[in-house]
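Participant: only the shape, not the letters, is given here:
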């Protein structure tokens, strides 16, 4: 008998005849459980040490309590020099500034940043530049080990005692929901230790689930995981802003005549006012022309969910739900699927869903005459946005449409050079503003189709000049030498750097 | 003929709205220095509108500026600045008599001369906002060659009548007077604003009434009202086809050197042609002269 062919044969043992002393299950300690009484206990049990990497998700948006609660406990335990790898950070995370000053957090990986934390980082708060990655880029980096997560602290609106966690609640009406846990699913799969923090322990099995118990090591029940109003509002409302409506109507026209609007198409839309309103106008066109959509991807809104329920969209691939209506649909509709960040946009994954998109509608803070788009830094050079899935979808989709007003207040949206390149011009096909449409010269085919349909096209330079004629040309922003942020493209190569802003001469 | 289906109010002290006014496709833009501007903001608004008109290209919209009334003392200051910015039309508020129009015209003419602007190039329109004005509508409409139209301002008018805005009954007489006076003088008649911007149904109801009465168009206070307004004024395909047939018949008759055109055995007289022409313009179809 040759058993050496059986790999790891030495790890297979023989226990002898089963009785109460040898049965492994019956031998578990009396109170063996993943449940821990406090976040503090979970940090200790997780083995977190100086220099490690912890991760968080941003599905609770501006209502998130998890990041601040966990960092406060870590600080109390005296653990230092941590890397925070969050799927994104927002203005509610301002308390992190103190933890950075005290040396608890020394490096940040995120998709975006806003509010006081972003202001402080832009003014040189950190010694190490913040690394900004796209949602797809982050998922890849975690899967490849470029970002090695030691402990993931993942908030969940519900969890059973085994660790099956969800972004919604099947047992209670009006309970806190965040819908999809798409970005957190990647952390759960690859982190060395996963701690679920929830405020609703629900009966087993909490299935179908966003995060499966097999990925979860510890569970902590807390009073509140977040502020429900900050996590999600009822249903994202249609805009009444006439300018956004105009942009939306024009965008729908562009899509209709792009050649991609035909039976069985696929799409992704943002949650901004113009983007949502585009969904409404597209819906009208779909109903009029009897066209249906194979799948809608990405951040999902109630409008998309309603189109799914009306039979206009076959399937929804939901990596992040934008409103309660979308979260309800995820809970109730079989073909509204919860997907993870790698499935959504991973660059190394040939089958990433973004690569199957016909078109995507995206927003922009700035667009330059090379069609480069900035969604991260404001016109004052301060970080005030997020990369999100911008470059992932713009690159993946057959057509990317970037929408925005030609001017915001006194600031032109179309400029000579964006402050920070997030999505390169090669990935941007059409720009729709309230004052005209421009097609990237790399897409003469598209320009021809739109012109045939009677859509008036301008060159991007003409739009820029139009904007400057109205609001003038802003003085260039002054920066210091220090690099405070690195912006990465979807393949995790550096596409731009963000410098510390120089406010020494603000007398103008 | 200039289409004046929509005249969009743009508060003279709102830089954002002034900046964006061009983009919504209104036939006329009415920059307001009067009621939408607080007394403490009057000079700032005047300065802002002057600079906007001399900086921003609003074409193809017709540019109208509503000044304060001359009696207030502000109106003359408005004229001094605004006439020099070369708007298409100065809108005079609270017009009660023909003299209100001629008084204003004299000032405009003086400023045109001082500024070296061709005399007569600044158009005028008069807003009628009182019982007196309504009863004087025919004289007002004929008071100046500069007048391109007269308009009803309903808020002040219903106050003057000691009533309130309701289903339109309260405005029936004023609307009738104004549209007849305007058409008698060969100028446009513009209806008052509908302020409940979220009530599209109510807005459309009112638009249908004034369209049937013969008004050229209506003032709007929100860009969202423009599209439904223009849609209502758009002729039906049946009417367009008929008008095109009339124009073809005229062309044919002209080619034959015949002075009389007919369509399906019926003679086409002048009013029929004029109506067909107007209808095609409303439909956005170009007609040969």
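Facilitator: In hand now; what should we look at? In this text the structure is predicted, and so the values were computed from the model without any measurement.

Participant: next one: the closest residue to chain A within the stretch 101-250 of chain B from residue A:432, what distance?
Facilitator: Nearest to chain A, among the residues of the stretch 101-250 of chain B, is residue B:223, at 3.6 Å (CB to the nearest CB). All C-beta spots, glycine's among them, are computed from the backbone N, C-alpha and C. Residue B:223 sits 17 Å away from residue A:432, taking CB to CB, to the nearest Å as the criterion.

Participant: who has more neighbours, those two?
Facilitator: residue A:432 (27 against 23; other CB atoms under 10 Å in any protein chain shown).

Participant: and the more buried one, how close does it get to residue A:66?
Facilitator: For residue A:432 relative to residue A:66 (CB to CB), the value is 37 Å.

Participant: and if you look at residue B:91?
Facilitator: For residue B:91, the distance to residue A:66 (CB to CB) stands at 59 Å.

Participant: looking at the two, which is more packed in?
Facilitator: residue B:91 (28 against 23).

Participant: correct me, but that one touches residue B:63?
Facilitator: No - here residue B:91 does not reach residue B:63: they are 10.6 Å apart, not a contact under CB atoms under 8 Å.

Participant: kindly list the longest helix within chain A.
Facilitator: Scanning chain A for the longest helix, with DSSP state H as the assignment, gives helix A:273-289.

Participant: select the longest helix from chain B.
Facilitator: Max-length helix for chain B by DSSP H is helix B:237-256.

Participant: and that helix, how far from the chain's centre?
Facilitator: Relative to its parent chain, helix B:237-256 has a centroid offset of 29 Å by CA atoms, centre = their mean, to the nearest Å.

Participant: packing partners for that helix?
Facilitator: Applying 3 or more CB pairs under 8 Å, 6 or more residues apart in numbering or on different chains; DSSP states H and E, we find helix B:237-256 packed against strand B:262-263, helix B:270-282.

Participant: quick one: average pLDDT of the longest one?
Facilitator: Here the mean pLDDT over helix B:270-282 is 86, rounded to a whole number.

Participant: also the first one?
Facilitator: Averaging pLDDT along strand B:262-263 gives 80.

Participant: which stretches in the stretch 101-250 of chain A count as strands?
Facilitator: A:105-110, A:112-113, A:130-132, A:151-156, A:158-159, A:165-166, A:193-198, A:218-221 (DSSP state E, counting those that start in this stretch).

Participant: these: which one's closest to chain B?
Facilitator: Chain B sits nearest to strand A:112-113 of all these, at 26.6 Å, using CB to the nearest CB.

Participant: just checking, residue A:294 is part of a strand?
Facilitator: Yes - counting by DSSP: H, G, I helix; E, B strand; the rest coil, residue A:294 falls inside a strand.

Participant: and it, how many neighbours?
Facilitator: 14.

Participant: surely it touches residue A:260?
Facilitator: No - taking CB under 8 Å as the definition, residue A:294 is not a contact partner of residue A:260, at 12.0 Å.

Participant: pretty sure residue A:82 is touching residue A:49, no?
Facilitator: No - assessed by CB under 8 Å, residue A:82 is found out of contact with residue A:49, at 9.3 Å.

Participant: quick revisit: and the strands of the stretch 101-250 of chain A as JSON lines, adding mean pLDDT, distance to residue A:255 and mean neighbour count?
Facilitator: Formatted as JSON lines, those follow (pLDDT from 0 to 100; distance: least, CB to CB, whole Å; neighbours: other CB atoms under 10 Å in any protein chain shown):
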{"stretch": "strand A:105-110", "mean pLDDT": "98", "distance to residue A:255": "31", "mean neighbour count": "22"}
{"stretch": "strand A:112-113", "mean pLDDT": "96", "distance to residue A:255": "26", "mean neighbour count": "24"}
{"stretch": "strand A:130-132", "mean pLDDT": "98", "distance to residue A:255": "29", "mean neighbour count": "25"}
{"stretch": "strand A:151-156", "mean pLDDT": "98", "distance to residue A:255": "36", "mean neighbour count": "29"}
{"stretch": "strand A:158-159", "mean pLDDT": "97", "distance to residue A:255": "37", "mean neighbour count": "28"}
{"stretch": "strand A:165-166", "mean pLDDT": "98", "distance to residue A:255": "34", "mean neighbour count": "29"}
{"stretch": "strand A:193-198", "mean pLDDT": "98", "distance to residue A:255": "40", "mean neighbour count": "25"}
{"stretch": "strand A:218-221", "mean pLDDT": "97", "distance to residue A:255": "45", "mean neighbour count": "22"}
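
Participant: dump the ones you listed into CSV; add distance to residue A:504 as well.
Facilitator: As requested, those are exported to CSV (distance: least, CB to CB, whole Å):
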stretch, distance to residue A:504
strand A:105-110, 26
strand A:112-113, 23
strand A:130-132, 23
strand A:151-156, 39
strand A:158-159, 51
strand A:165-166, 49
strand A:193-198, 43
strand A:218-221, 47
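
Participant: which of these sits closest to residue A:287?
Facilitator: Of all these, strand A:165-166 sits nearest to residue A:287, with 33.2 Å by CB to CB.

Participant: what residues does that closest one touch?
Facilitator: With contact meaning CB atoms under 8 Å, 6 or more residues apart in numbering or on different chains, strand A:165-166 is reached by A:154, A:156-159, A:181, A:188, A:196, A:198, A:206, A:209-211, A:216.

Participant: centre of the chain to that strand, how far?
Facilitator: 18 Å.

Participant: for chain B, give me its nearest residue in chain A.
Facilitator: residue A:242 (3.6 Å).

Participant: quick one, what contacts the spatially closest residue to that residue that is not a sequence neighbour?
Facilitator: Of all residues not flanking residue A:242 in the chain, residue B:223 sits nearest, at 3.6 Å (CB to CB, 6 or more residues apart in numbering or on different chains). The neighbours of residue B:223, taking CB under 8 Å, 6+ apart as the test, are A:242, A:243, A:246, B:8, B:24, B:26.

Participant: now do the same for residue B:203: helix, strand or coil?
Facilitator: Secondary structure state of residue B:203, per three-state DSSP, is helix.

Participant: hmm, residue B:196 and it touching each other?
Facilitator: Yes - using CB under 8 Å, residue B:203 is in contact with residue B:196, at 7.3 Å.

Participant: so residue A:82 and residue A:49 - more neighbours on which side?
Facilitator: The neighbour comparison of residue A:82 against residue A:49 (other CB under 10 Å) goes to residue A:82, with 25 against 12.

Participant: how is the chain divided into domains?
Facilitator: Picked chain A for this. Under the assignment automatic domain parsing, the domains of chain A span A:35-231, A:242-476.

Participant: think we crossed wires, I meant chain B
Facilitator: As given by automatic domain parsing, the domain ranges for chain B are B:6-233, B:237-282.
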